[in-house]
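Trainee: Model the structure of this input:
(3 chains)
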Amino acid sequence: MNKHLLSIEDLSKSDAIQILDTAEEIARISDGPVKKLPTLRGRTIVNLFFEDSTRTRISFEAAAKRLSADVINFSAKGSSLSKGESLKDTALTLQAMGADAVVIRHGSSGAPARLADQSWMKGSVINAGDGTHEHPSQALLDSFTLRRHLRDSAGDLSGIKVAIVGDILHSRVARSNVLLLKKLGAEVTLVAPHTLLPFGIDQWPVNISYDFDDVLPHVDAVMMLRVQRERMSELFFPSEREYSRGFGLTKERLDRMPKGAVVMHPGPMNRGLEISAEAADAVNSVIVEQVTNGVTVRMAILYLLLGGMSA
Amino acid sequence: MSVVLNAGEIARALRRISHEILEHNKGSQSILLLGIPTRGAFLSKRIASMIEEIEGHEVPHGTLDVTMYRDDLRLRPPRALMSTEIPISGINEMHVVLVDDVLYSGRTIRAALDALSELGRPASVQLAVLVDRGHRELPIRADFVGKNLPTSSSERVHVLLQECDESDEVVIEAQS
Amino acid sequence: MERFHVTKAKDLRGKACELKFEGERIVTEFSSTDKVTVIDAGGSTLIPGLVDLHTHLREPGREDAETVLTGSLAAVAGGFTAISAMPNTAPVADTAGVVEQVFRLGQSHGLCDVFPIGAVTEGQAGTTLAEIAAMHASEARVRIFSDDGHCVADPLVMRRALEYVKNFDGVIAQHAQDPRLTNGAQMNEGLVSSVIGLKGWPAVAEESIIARDVLLAEHVNSRVHICHVSTAGSVEIIRWAKARGIRVTAEVTPHHLLLTDELARGFNPIYKVNPPLRTEKDVVALREGVADGTIDIIATDHAPHPAESKECEWSAASFGMTGLETALSVSYQALVATKTTSFEKLISLMSSNPAAIGKYEGHGSLKAGSYANFALVDLDAEWTVEPTAMRSKSKNTPFANYVLPVKVNQTYFKGNRVFSGGVK
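Mentor: Have a look, this model is predicted:
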């Protein structure tokens, strides 16, 4: 494992599996009466959030607290700190306060990589979502969830077919998931209108489809991505109805999914746009479980980055 | 490198420990064997099947990984977590016998006691080890010992077991 | 009048040569044999003073990043004796007053000629023509106009500008970037941008403007100069336009001849530049464009920024790299070391060709009658780029720690030694 978790690209396959295995053991402990472990007592973890994200922040906070770390929440949004010029100063401040790790969410791709710059921060940097780059902990919890349902909680995901549907262009969740799923041996199909696929996608190691109905009967899992309504005004698609008709997980599409295939969504959902209420609440929907697993996987990440001797 | 226990001696030591556990607890009622991974878990499994042979019925057993409770985490690179499997009946009111391969500083057992206290309130906690090599750093002792092995702290003791090492052997190695 | 005789020099082809100058001009023979000072070149290569048509000097307005003085110091250290100050200062150089101020600052420092480039439109806002004729008539004699940093996006404004400068055979230097296609863009649109999630800057945003502008130039029979060409498609369009007889000239920067968008992967904004670094395929096409004459000149696009503009996350960082002090070495590395062009051709790309486009009389030549502007360079020496050791006020070079060929030993401007670095 590296000292930081900035990108799935930095992880080897065995690193990734180690995180999933560790999470599995933590889950086993946490499923019992044990809610809190003394492992990170005396360590300070800063949640540095330049963008609103209650879910991810709370998830990391819960993970840190269950490992007995001290947590400082530092919401920079709206303050003078949201200006890019002071990222370095923020880092130096956190460094001076003795932060052992910084969990950063930032609107600019690559901001965590900048924070991890040797001369800025000595502690670990964990990317909790940067711009349209990556969201590695989300991908890890998604693979953890998939492995529990489709691979009996062990090994990799070889041969599993996953469709990622929606706004790939603006999605850091999609980028991290593509990298991780491929690393773990899964087959990935991206389903989206052309406007919501990045230029250069033809060089990604994935299948591309514009026909959700064609893909659906062959999947083991569908990951629905949040579609922001603002995208309409930026000419990415003409109307919500047209989007939903082509790429929404409707009741009808839900019924055509193979038996045993699961429905995933990183949240927050736009019910009625990319996902229907029936699909969100279906028996094969693992959306709520993803949230639970989020805490477990983040505990594993924190343990592996901070639980040992610092590098 | 010298062999201090061979396969036959290990088997005899474990059989004796099994009898001692039964004797000490006046039978197998309310006994819960918890092995500390990796090798303590295999030893605990062997003791469990020996007790079953003697008593004629299964004795509850499981594993307890203490990594997250260790006080020396920051002195080493992060280690992989091992399995913790506690029978559904839990540890409350049970006579828990912790099983480990080597007793040395006592810090692993301290971590295990912390982990146990999170899991419930056992009636008692006992400790069985295959080898006690001395050099305790905490006020901890074993209830059941396969072999007391006086060592120098510069030496290393390796317990090898069929389940993970392809042979049963305890060897002592002088560190250069 | 002082007389100087440069001896033991080598010419661009490596043959022994010498140079004579009296006062500020080069001569064939001295008018008198009195008071002749010999300059022993010690076997170094004699090149004409280099001419840059694309320099950002930041004065007035951002003297924390660069001034006319520090920019001139950097220029002569790089072998330049003429640089062209882009108008995107504060205030914008869109009036005779501002261009004269910059011009006079250059004259007063006496290190090299600083030729201001005037804005095409008022405030570089792209809507109303600036007082182009007044800038031309000023002491600065402005002949090149550009809204560099911004594109003259409105086709009608571009047409009028192209027509208007014909009065005095001026030239519009276009920064080709369709603003609608590059709104919020951060780097080349391609595989790397798709993977690292930075907003893409499509090649077509540059190419479509170039295609439009060469057709406009043809229509009104005027001269157009394309700044910092960066894509393979742009080279192809310009090649086509030249074959058609359109009066278009084009420049490329040293960094676009050597670096690619792969460098963005680490998110270090030292590699953030406008136009963005492109792909290997584009680099190859640009070099071919240089080799076959499609691209006329190398220009630095020297864009100094203070440390804080680069010590931040990518999207908050400023676009631009410094270039004056590395231009000759980097271009040599990209073109001569790769056997794309000869050294002689490289020097014309950096001296006589730009001087001809800007009509900088007496520059870019070692012929008798030209200014005694020249540099002595060591083609066999290598040097390590150390940002802190550079003369520019800003240290935002992407070439830090590169070991580069060609060292500038001395630079002379109008007969005066203005730089002496590599004393042997």
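
Trainee: CA only for contacts and neighbour counts going forward, please
Mentor: OK.

Trainee: Outside of stretch C:169-184 itself, list whatever touches it.
Mentor: Residues from elsewhere that reach stretch C:169-184, judged by CA atoms under 8 Å, 6 or more residues apart in numbering or on different chains: C:120, C:143-153, C:161-162, C:165, C:199-202, C:205-210, C:222-228, C:358.

Trainee: buried sites along the lowest-mean-pLDDT helix or strand in chain A?
Mentor: Least confident helix or strand, chain A: helix A:87-96 with a mean of 86, by mean pLDDT, DSSP states H and E. Using 16 or more other CA atoms under 10 Å in any protein chain shown as the test for burial, helix A:87-96 gives A:87, A:88, A:90, A:91, A:92, A:94, A:95.

Trainee: what residues does the stretch 151-300 of chain A put near chain C?
Mentor: Proximity of the stretch 151-300 of chain A to chain C is confined to A:169, A:170, A:172, A:175, A:198, A:199, A:200, A:201, A:203, A:204 under the rule CA under 8 Å from any CA of the partner chain.

Trainee: For ChimeraX, write the selection for the buried entries among these.
Mentor: In ChimeraX, this line selects whichever of these come out buried by 16+ other CA under 10 Å:
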select /A:169,170,172,175,198,199,201
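
Trainee: Please enumerate the helices of chain C.
Mentor: C:68-77, C:96-109, C:132-137, C:155-164, C:191-196, C:203-220, C:232-243, C:280-291, C:327-331, C:343-350, C:352-358 (DSSP state H).

Trainee: Which one of those helices lies nearest to chain A?
Mentor: Nearest to chain A, of all the helices of chain C, is helix C:191-196, at 4.5 Å by CA to the nearest CA.

Trainee: Distance from the closest one to the middle of the chain?
Mentor: Mean-position distance between helix C:191-196 and its chain equals 30 Å (CA atoms, centre = their mean, to the nearest Å).

Trainee: Likewise for stretch C:167-186?
Mentor: 16 Å.

Trainee: count of neighbours near the residue of the stretch 51-200 of chain A found nearest chain B?
Mentor: At 8.6 Å from chain B, residue A:67 is the closest residue in the stretch 51-200 of chain A, using CA to the nearest CA. Using other CA atoms under 10 Å in any protein chain shown, residue A:67 has 23 neighbouring residues.

Trainee: Hmm, residue A:40 and it touching each other?
Mentor: Yes: using CA atoms under 8 Å, residue A:67 is in contact with residue A:40, at 5.3 Å.

Trainee: what's the model's confidence in the host helix or strand of residue A:45, averaged?
Mentor: Following DSSP states H and E, one finds residue A:45 within strand A:44-49. The predicted model assigns strand A:44-49 a mean pLDDT of 94.

Trainee: what's that strand packed up against?
Mentor: helix A:54-66, strand A:70-75, strand A:101-106 (3 or more CA pairs under 8 Å, 6 or more residues apart in numbering or on different chains; DSSP states H and E).

Trainee: ok, now with 6 Å
Mentor: strand A:70-75, strand A:101-106 (3 or more CA pairs under 6 Å, 6 or more residues apart in numbering or on different chains; DSSP states H and E).

Trainee: residue ranges of the strands in chain B, please?
Mentor: Listed in chain order, the strands of chain B (DSSP state E) span residues B:2-5, B:31-35, B:61-63, B:95-103, B:124-132, B:144-148, B:155-160, B:169-174.

Trainee: Run a quick neighbour tally on the closest residue to chain B within the stretch 251-400 of chain C.
Mentor: In the stretch 251-400 of chain C, the residue that lies nearest chain B is residue C:266 (26.6 Å; CA to the nearest CA). Residue C:266: 13 surrounding residues under other CA under 10 Å.

Trainee: pLDDT at it, what is it?
Mentor: Looking at residue C:266, its pLDDT stands at 94.

Trainee: What distance do you get for it to residue C:193?
Mentor: Taking CA to CA, to the nearest Å as the measure, residue C:266 falls 12 Å from residue C:193.

Trainee: Make a markdown table out of the buried residues of helix A:87-96 and add distance to chain C.
Mentor: As requested, the buried residues of helix A:87-96 are exported to a markdown table (distance: CA to the nearest CA, whole Å):
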| residue | distance to chain C |
| --- | --- |
| A:87 | 6 |
| A:88 | 6 |
| A:90 | 11 |
| A:91 | 11 |
| A:92 | 13 |
| A:94 | 16 |
| A:95 | 16 |
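
Trainee: re earlier: strand partners (parallel or antiparallel) of the strand holding residue A:45?
Mentor: strand A:70-75 (parallel), strand A:101-106 (parallel) (DSSP bridges).

Trainee: Narrow the residues of the stretch 151-300 of chain A next to chain C to those in helices?
Mentor: The helices, defined by DSSP H, take in A:172, A:175 from those.

Trainee: tell me which of the residues of the stretch 151-300 of chain A next to chain C is nearest to residue B:148?
Mentor: Nearest to residue B:148 out of these is residue A:175 (CA to CA; 57.0 Å).

Trainee: Who are the contact partners of the nearest residue to that closest one once chain neighbours are set aside?
Mentor: In space, and not counting its chain neighbours, residue A:175 is closest to residue A:134: 5.9 Å by CA to CA, 6 or more residues apart in numbering or on different chains. Residues in contact with residue A:134 (CA atoms under 6 Å, 6 or more residues apart in numbering or on different chains) are A:172, A:175, A:176.

Trainee: again, only using 10 Å
Mentor: A:6-9, A:109-110, A:127-128, A:171-177, A:179, C:195-197 (CA atoms under 10 Å, 6 or more residues apart in numbering or on different chains).
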